[in-house]
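Peer 1: let's see this in three dimensions:
(2 chains)
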Amino acid sequence: MSGIIFEVKDVHYAYLGKFPALCGVDMTIRSGEKIAVIGANGTGKSTLLQLLDGLIFPDRGTVTAFGERLLEHSQDNEKAAHRFRQRVGLVFQNADIQLFCPSVREDIAFGPLQFGVAEDEVNRRILDVAEVLDIQHLLDRVPHQLSIGEKRRVAIASVLAIDPDVYLFDEPTAGLDPLTVRHIIDFIVNANQRGKTIITATHDLHIIGEIADTVYVFGRNKSIVRGGSSESVLNDRSLLETNNLIHMHRHHHDGREHVHQHLPLEPHD
Amino acid sequence: MSNPLHKKHDFIERSILSALAFLKDATMSEEYANRKGFLQSLDPRFKTISFLAFLVTAVSLKSAVLISPLYLSCLILALLSRIHLRNFLLRTLFFIPLFSLCIVLPTMFSVVTPGEPVWSFHVAWITGIITRPGLDGAVLFVVRIATSVSLVVLLSLTTRHSELLKVLRVFGVPQVFVMTVSMCYRYLYLFATMVENIFTAVKSRVGMVSHHRQGQSIVTWNIANTWNRTTQMSEEVYMAMLSRGYTGEPRLLSKFHATPKDWLWLLCAVVICAFLFYRGHTL
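Peer 2: So this is what the prediction gives:
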């Protein structure tokens, strides 16, 4: 781990100027880190990812990426915008938003083509990423005909084809079957091992141990209430309970019913 | 006894659901386009240009005898393209040509088209006379419609919708327009599903709509809600495009590759059209 990639300082953001989404967020993200941003619904996780991807800009405070401040007008310059977007890729929570082309092949090709990659190279990348994500059989399919899990894998493929340095994942495992969750976790872990920086917004605590070394917890006040190693955060029962991340669970064991909480790193008996 | 109000609402419900089902079916039905057949194997650009040439020929010729080989060719091409002939005939031969026959029916009579009588009949005190020019005109009209519809249906059945849209680029339509239409088409299915779900959700909570005013307010609310969601989604899709490097001028994959077979097909199409035009002038 070396240089700083993102530096977020006292960032405030409100939708339409009156619905606060982030209130005074500070964080520093270094190259090669695996970071998870957790919090209940509506605590500003997705907004943070969009800020880091330069899609929206703070009302107050600063976001610095690769040593340069992210400003709205700097994205108007095609060269600067392309330079940044080739280094940062966002996988949206709703795959239907990300897959806007008429076929899977064209969706995967969209990113590289915008960056001026030659068509032969684009075709090679399509085959490569399709193999990595096991979606070769889907290449000529129409996105709306795919299952949620297939759409999610295609959405990841559309970002992987760009081969960015930083991957931003917004709820990558929400609503997926266990096998697809496993594939996505494996993909994230492998990408990180190849030196990619991973930032994941999620409230699926069970995957955090694998996909993150550092965890930031967002609270109802739309700011970070705690940051630290995944182990320390996930073992802090009161922190998770206060922030609506764990709940009481009703179980039947050996014919008797009992109620208790599940902590992600805690073995269950 | 059945309640007429129920029947009325049942009719509206069935109409909405049928319209949505048709929309979804139209956007999903690429079953024939995915088959391995003759027309499916042709480059969409060459196929579209040749079918346009056939269409112009069918519309321009003034003889049903000359147009009918084109119709026969459609049937042969349908078979070669592994299209179920019964379905194809149902789509092309019955509904639209029969409808056009109804339109053209009055022109067969001497009152509209005078000429040599072919057949006359009496109904009550009215005498109907069908004339030769009237009959010829009606036959030409129906054959022309049947052939034109067959050509269009054949092209749309054997070509993926996205590829058909891409062919527009050959005719100089700007890339951004083609992409916008493709995206509209891609999201039609999503919104049709969304409207269907909203309708089911309303039905599950409200049950049978008791008054047309209540029904109107639900429909109005649905329209507003769908509008809001589409606006929100369009903003998010734009963000997704920006995130992957879109800066205003989209660059898309051009995956068309012409082969000698495509050129040969185009040559055949041009020769057939030229021959029919020539025969049309010498007849």
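Peer 1: list the contacts of the helix or strand that contains residue B:97.
Peer 2: Residue B:97 is part of helix B:95-104 when elements are defined by DSSP states H and E. With CB atoms under 8 Å, 6 or more residues apart in numbering or on different chains as the test, helix B:95-104 has contacts from B:137, B:138, B:141, B:142, B:145, B:146, B:149. Where C-beta positions appear, they are placed from N, C-alpha and C, glycine not excepted.
Peer 1: CA atoms of that helix as PDB?
Peer 2: Taking Å, rounded to 0.1, in the frame of the first residue of the first chain, the C-alpha atoms of helix B:95-104 are listed here in PDB:
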ATOM      1  CA  PHE B  95     -55.400  -9.800 -40.900                       C
ATOM      2  CA  ILE B  96     -53.900  -6.800 -42.800                       C
ATOM      3  CA  PRO B  97     -54.800  -8.000 -46.400                       C
ATOM      4  CA  LEU B  98     -58.300  -9.000 -45.300                       C
ATOM      5  CA  PHE B  99     -58.700  -5.600 -43.700                       C
ATOM      6  CA  SER B 100     -57.500  -3.900 -46.900                       C
ATOM      7  CA  LEU B 101     -60.000  -6.100 -48.900                       C
ATOM      8  CA  CYS B 102     -62.800  -4.600 -46.800                       C
ATOM      9  CA  ILE B 103     -61.500  -1.100 -47.600                       C
ATOM     10  CA  VAL B 104     -61.100  -1.800 -51.300                       C
END
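Peer 1: please enumerate residues in contact with the helix or strand just after that helix?
Peer 2: For helix B:95-104, the following helix or strand on the C-terminal side (DSSP H and E) is strand B:117-123. Here strand B:117-123 makes contact (CB under 8 Å, 6+ apart) with B:110, B:127, B:128, B:129, B:130, B:131, B:132, B:135.
Peer 1: who wins on neighbours among the residues you listed?
Peer 2: residue B:131 (22 neighbours; other CB atoms under 10 Å in any protein chain shown).
Peer 1: how far away is that residue from residue B:283?
Peer 2: 21 Å (CB to CB, to the nearest Å).
Peer 1: again with residue B:164
Peer 2: Taken as CB to CB, the span from residue B:164 to residue B:283 is 34 Å.
Peer 1: higher neighbour count, those two?
Peer 2: Remark: of residue B:164 and residue B:283, residue B:164 carries more neighbours, 16 against 10, as counted by other CB under 10 Å.
Peer 1: OK, contacts around that one?
Peer 2: By CB under 8 Å, 6+ apart, the neighbours of residue B:164 are B:44, B:48, B:155, B:156.
Peer 1: filter these down to the ones in strands?
Peer 2: Among these, no member falls in strands (DSSP state E).
Peer 1: if I look at residue 238, what pLDDT would I see?
Peer 2: All of this refers to chain A. pLDDT, residue A:238: 82.
Peer 1: my question was about chain B, not that one.
Peer 2: pLDDT, read off for residue B:238, is 92.
Peer 1: interface residues of chain B facing chain A?
Peer 2: Residues of chain B lying close to chain A (CB under 8 Å from any CB of the partner chain) are B:27-28, B:30, B:160-162, B:165, B:182-183, B:185-187, B:189-190, B:233, B:236-237, B:239-247, B:250-255.
Peer 1: can I get the buried part of these as one ChimeraX selection?
Peer 2: Buried residues within the residues of chain B next to chain A, by 16 or more other CB atoms under 10 Å in any protein chain shown, are selected in ChimeraX with:
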select /B:27,30,160,161,162,165,182,183,185,186,187,189,190,233,236,237,239,240,241,242,243,244,245,246,247,250,251,252,253
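Peer 1: among the residues of chain B next to chain A, name the ones in helices.
Peer 2: Mapping those onto helices (DSSP state H) picks out B:27-28, B:161-162, B:165, B:182-183, B:185-187, B:189-190, B:233, B:236-237, B:239-243.
Peer 1: where does pLDDT dip in chain A?
Peer 2: A:1-2, A:247-251, A:253, A:259-269 (pLDDT under 70).
Peer 1: for chain B, what are the nearby residues on it?
Peer 2: Close to chain B, as judged by CB under 8 Å from any CB, chain A has residues A:50, A:53, A:55, A:75, A:78, A:81-82, A:85-86, A:89-90, A:92, A:94, A:96-98, A:100-103, A:105-106, A:109-111, A:113-116, A:119, A:122, A:142-145, A:158-159, A:162.
Peer 1: can we see that at 6 Å?
Peer 2: Contact residues, chain A versus chain B (CB under 6 Å from any CB of the partner chain): A:53, A:55, A:78, A:82, A:85, A:90, A:92, A:96-98, A:100, A:102-103, A:106, A:109-111, A:113-115, A:144.
Peer 1: roughly how far apart are residue B:187 and residue B:230?
Peer 2: Distance from residue B:187 to residue B:230, by CB to CB: 8 Å.
Peer 1: residue A:174 too?
Peer 2: 23 Å.
Peer 1: in helices only, show me the residues of chain A next to chain B.
Peer 2: A:78, A:82, A:85, A:96, A:97, A:98, A:106, A:109, A:110, A:111, A:113, A:114.
Peer 1: who wins for most neighbours among those?
Peer 2: residue A:98 (29 neighbours).
Peer 1: domain parsing for chain B?
Peer 2: As given by automatic domain parsing, the domain ranges for chain B are B:30-159+B:260-283, B:174-252.
Peer 1: which of those has the lowest mean pLDDT?
Peer 2: domain B:174-252 (a mean of 81).
Peer 1: follow-up on the earlier one: biggest separation within the ones in helices among the residues of chain A next to chain B, which pair?
Peer 2: Spanning the widest gap among these are A:78 and A:96, at 27.4 Å by CB to CB.
Peer 1: mind jotting down where the strands sit in the chain?
Peer 2: Since no chain was named, I'll use chain A. Going by DSSP E, chain A shows strands at A:4-15, A:19-30, A:34-39, A:60-65, A:68-69, A:88-91, A:166-170, A:197-202, A:214-218, A:224-229, A:248-253, A:256-261.
Peer 1: actually chain B
Peer 2: Under DSSP E, chain B gives strands at B:117-123, B:126-131.
Peer 1: so which residues make contact with the last one?
Peer 2: When you say that, I think you mean strand B:126-131. Contact partners of strand B:126-131, identified using CB atoms under 6 Å, 6 or more residues apart in numbering or on different chains, comprise B:108, B:109, B:110, B:113, B:115, B:117, B:118, B:119, B:120, B:121.
Peer 1: could I have it exported to CSV, CA atoms only?
Peer 2: Coordinates of the C-alpha atoms in strand B:126-131 are reproduced here as CSV (Å, rounded to 0.1, in the frame of the first residue of the first chain):
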residue,chain,number,x,y,z
ILE,B,126,-80.4,-3.0,-55.3
THR,B,127,-78.4,-4.4,-58.2
GLY,B,128,-74.7,-4.7,-57.6
ILE,B,129,-72.3,-4.9,-60.6
ILE,B,130,-68.7,-5.8,-60.2
THR,B,131,-66.5,-4.5,-63.1
